[in-house]
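Undergrad: Give me a model of this one.
(one chain, ligands or ions: 1)
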Amino acid sequence: MGKLSAWLHSSSSSVDAEKKKKANRRSVSALTSSTFSRKDRETNGHGTRPSVAPVTVPAAATEPAAVMESTSRMVALAQKITRETEKLEAYLQENNLPSPSFDVDAPADFPKLPAGILKSRLEIIFATKELGLLAQGPRESLRWGVWEFLDVLALQIINHFGIAKLFPPGQTIPLAELQAKTSLDPINLARSIRLAMTKGIFSEPSPGVIAHTSASRALAEDDDLQAWIGFNAEDIFPASAHVLESIKTHPEATSLTRSGFCFAFDTVDKEPMFVTFGKDPIRARRMGKAMVSLTGGEGYEVSYLVNVEGGGYDFNEVDTAGGTFVDVGGSHGFVCVDLAKKYKNMKFVVQDLPKTVDSAPKPICADPEVAERISLQAHDFFTEQVTKNADVYFFRWIIHNYSTPYAVKILKNLIPALKPGARIIINDHCLLEAGQENPWDETVMRRMDVVMLALLNAQERTEAEFRGLFEAASKGFVFKGVTRPKGCRMSIIEAVWQPELVEEAAPAAVVANGHVTAVLDYAAPAAGPVIAEPVGDAVKAARAAFASAEEAKAGAAK
Ligand SMILES: C[S@@+](CC[C@H](N)C(=O)[O-])C[C@H]1O[C@@H](n2cnc3c(N)ncnc32)[C@H](O)[C@@H]1O
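TA: As a prediction, the model looks like this:
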């Protein structure tokens, strides 16, 4: 049993309440170096994960030693930037593609690049970042790095007041005229725009005259991007600013109703974020559109899961047997549609909350051969699984929304439905040890982890932490490991149900703060984890609103 599980089920009476509380804390990162050993990685049966020693300085580890010996790090980085930039530029020129620029007419996105050229582009990004930090020096980069939230503040103001949409791309506008078009105070407009300019958003070709850049144009024209900025700047930013208060008051950081978000919006012990959004359709819709902007991005497409050659999951065995795939919290079933197009014998059940199921497109797919093998089912994953004896239970972007007590409960709810050999597949980020991702992915995933903390007291997880979740749910879950398609940020985490491994033990009720919070079906009596919150209440409250938010998201995606 891994350490997480051991903590969750420690039976020693000498383990005091504080220790038990710690066991349920969202972060078990202290465990990772000891439990996520090289041996674990190399023997997980998939072999697609790196097996290098842990490093903590992101980009430096990628530079060949020979280069480091003959030149200083700064010179080596500068040379690399030159080399890779020349390759990228040459490719763009050979293919008649525009060179990157801040010009208003420059494309807002890079075209799809061949693998080698994409690598050059990424190397430029990583090396410039590292070189910049080195040239700044530690004290200065700390001193001014902490001011980055002010860039978000400027963007928050600009986006909220729709400044980018107030004059057409390609035209300039005197600041005084722009001021007349907004209720934003002139001084605040000018200072926000001028701070944004330092990041390439707007320009001032002559004093007092404002012009669009490619970035401000994207902000003016892309609805989903506006929603992404709005959700981040107006929901996540205030939530983040209250995380300290939240974790000082409730260090266990597991409750959906005690997150930074709840402190920011005065909903502590009242309602989780999704309930708040459920009451506010504009905000819910903004979040829905923001998710469209996020998941439409490179690295998150469903095709990564479906494409077996590229490292996706191979369902051929399930397909040959005409097996059943249940997408738990599957929204409108787009994952099942894509899988059903590839696997012609499998049957699919898409489960979600009633509102989401009701708003799903009908038929779910224009191709009747695909549609007739997919059924929609209203099911709450905080209750016992209703589709029995399926071959696969699949969770995509679900488990990362919940802290350990909730996530364990979701897995435990499967147990009564599971047949021997049933596969449980989680499709989420899976965090590596520090420094093993490329620096861009590393930053995105670490930030996402902290976003989950700020909004929901939830978390991204390492392989060891996923393993710990399954172990905490039941010994009958045999953890198979983690794979990740090349180029994809999301991993495929798998366990298989083997009921013969389940030990018989008396059930134990877990009581915390006067609430019965969980019933453990195999832990020794009185050995259960302290879940310091009324899980049931918070979950109930979350259900209805989550559905509204998701409905808005589905609407936005159409
Ligand atoms: C982040 S979305 C993920 C949707 C989909 N799996 C995907 O990959 O995009 C979370 C989904 O879980 C659903 N959901 C939330 N709470 C639920 C519950 N208690 N039972 C079932 N589904 C729920 C939401 O309606 C939503 O569709």
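
Undergrad: now the protein, which segments are flagged as low pLDDT?
TA: For the chain, the stretches with pLDDT under 70 are 1-70, 504-558.

Undergrad: Let me see the ranges of the helices in the stretch 201-350 of the chain.
TA: For the stretch 201-350 of the chain, helices defined by DSSP state H, counting those that start in this stretch occupy the ranges 214-221, 223-231, 237-241, 243-249, 260-264, 273-278, 281-295, 303-306, 316-320, 334-342.

Undergrad: Please identify which of these is closest to A135.
TA: With C-beta to C-beta as the criterion, A135 lies closest to helix 214-221 of the helices of the stretch 201-350 of the chain, at 23.9 Å. Just so you know, the C-beta spots here come from the backbone N, C-alpha and C atoms, and that holds for glycine as well.

Undergrad: near the ligand, anything from stretch 418-437?
TA: No - judged by C-beta under 6 Å from any ligand atom, stretch 418-437 and the ligand are separated, with a smallest distance of 7.1 Å.

Undergrad: how far out from the middle of the chain is that stretch?
TA: Mean-position distance between stretch 418-437 and its chain equals 14 Å (C-alpha atoms, centre = their mean, to the nearest Å).

Undergrad: Skipping adjacent residues, who's closest to the spatially most central residue of the chain in space?
TA: In the chain, the centroid-proximal residue (C-alpha atoms, centre = their mean) is M448; its distance is 5.0 Å. Among residues not flanking M448 along the chain, E460 sits closest, at 5.8 Å (C-beta to C-beta, 6 or more residues apart in numbering).

Undergrad: List the contacts of the one you found.
TA: H400, D428, H429, C430, L431, M445, M448, D449, M452 (C-beta atoms under 8 Å, 6 or more residues apart in numbering).

Undergrad: if we can go back for a sec, can you tell if the helix or strand harbouring the residue nearest to the centre of the chain touches the ligand?
TA: Here M448 is covered by helix 439-456, with elements defined by DSSP states H and E. No - judged by C-beta under 6 Å from any ligand atom, helix 439-456 and the ligand are separated, with a smallest distance of 10.8 Å.

Undergrad: all strands for the protein, in order.
TA: Listed in chain order, the strands of the chain (DSSP state E) span 172-174, 203-206, 209-211, 324-328, 347-352, 374-378, 392-396, 423-431, 461-462, 477-483, 490-497, 508-512, 515-520.

Undergrad: Mean neighbour count and distance to the ligand for the helices of the stretch 201-350 of the chain - can I get that in a markdown table?
TA: As requested, the helices of the stretch 201-350 of the chain are exported to a markdown table (neighbours: other C-beta atoms under 10 Å; distance: least, C-beta to the nearest ligand atom, whole Å):
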| stretch | mean neighbour count | distance to the ligand |
| --- | --- | --- |
| helix 214-221 | 20 | 24 |
| helix 223-231 | 20 | 13 |
| helix 237-241 | 18 | 17 |
| helix 243-249 | 15 | 21 |
| helix 260-264 | 25 | 16 |
| helix 273-278 | 24 | 8 |
| helix 281-295 | 20 | 7 |
| helix 303-306 | 18 | 10 |
| helix 316-320 | 14 | 19 |
| helix 334-342 | 20 | 6 |
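
Undergrad: Can you tell me which of those helices is nearest to D391?
TA: The nearest among the helices of the stretch 201-350 of the chain, by C-beta to C-beta, is helix 316-320 at 4.8 Å.

Undergrad: V318 against F325, yeah?
TA: Yes - judged on C-beta atoms under 8 Å, V318 makes contact with F325 at a distance of 6.9 Å.

Undergrad: Pull up the overlap in contacts between those two.
TA: Here V318 and F325 have M346, D391, V392 as joint contacts, going by C-beta under 8 Å, 6+ apart.

Undergrad: Neighbour-wise, which one of these leads?
TA: When these are compared by neighbour count (other C-beta atoms under 10 Å), M346 ends up highest, at 23 neighbours.

Undergrad: quick one: contacts for the closest residue to I210 other than its chain neighbours?
TA: Nearest residue to I210, sequence neighbours excluded (C-beta to C-beta, 6+ apart): I173, at 5.4 Å. When contacts are counted by C-beta under 8 Å, 6+ apart, I173 touches L166, F167, V209, I210, A211.

Undergrad: Show me which of the residues you listed is closest to Y313.
TA: L166 (47.5 Å).

Undergrad: now the closest one, nearest residue through space, not along the chain?
TA: Nearest non-adjacent residue to L166 (C-beta to C-beta, 6+ apart): K181, at 4.6 Å.

Undergrad: what's the burial count for the one you found?
TA: Burial of K181 is recorded as 15 neighbouring residues (other C-beta under 10 Å).

Undergrad: any chance of the strands of the chain in CSV, plus distance to G132?
TA: Formatted as CSV, the strands of the chain follow (distance: least, C-beta to C-beta, whole Å):
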stretch, distance to G132
strand 172-174, 31
strand 203-206, 21
strand 209-211, 26
strand 324-328, 43
strand 347-352, 45
strand 374-378, 49
strand 392-396, 36
strand 423-431, 25
strand 461-462, 29
strand 477-483, 33
strand 490-497, 29
strand 508-512, 47
strand 515-520, 48
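
Undergrad: Identify whichever of those strands lies nearest to V275.
TA: strand 347-352 (17.2 Å).

Undergrad: If I follow the layout properly, F348 ends up in contact with I374?
TA: Yes - the pair F348 / I374 is scored as a contact, 4.4 Å apart, by C-beta under 8 Å.

Undergrad: what touches both of those two?
TA: Common neighbours of F348 and I374 are listed as G333, C336, A340 (criterion: C-beta under 8 Å, 6+ apart).

Undergrad: what two of the contacts of E460 are the furthest from one another?
TA: Farthest pair in the contacts of E460 (C-beta to C-beta) is C430 and M452. Separation: 13.7 Å.

Undergrad: What are the neighbouring residues in contact with A407?
TA: Applying C-beta under 8 Å, 6+ apart to A407 gives the contacts I399, L469.

Undergrad: Find the residue closest to E84 in space, skipping its chain neighbours.
TA: S120 (4.1 Å).

Undergrad: typo on my end, it should be S99
TA: S99's closest residue in space is L92 (C-beta to C-beta, 6+ apart), at 5.9 Å.

Undergrad: Looks like the one you found contacts P107 (just checking).
TA: No - if you go by C-beta under 8 Å, L92 and P107 don't touch, sitting 10.7 Å apart.

Undergrad: Between those two, tell me which one has more neighbours.
TA: L92 (17 against 13).

Undergrad: so who does R461 touch?
TA: Residues in contact with R461, defined by C-beta under 8 Å, 6+ apart, are I399, H400, D428, H429, C430, L431, L469.

Undergrad: Around whatever residue of the stretch 51-200 of the chain ends up closest to the ligand, count how many other residues there are.
TA: Of all residues in the stretch 51-200 of the chain, D109 sits closest to the ligand, at 22.1 Å by C-beta to the nearest ligand atom. Around D109 there are 9 other residues, counting by other C-beta under 10 Å.

Undergrad: quick one: contacts for it?
TA: Contacts of D109 (C-beta under 8 Å, 6+ apart): none.
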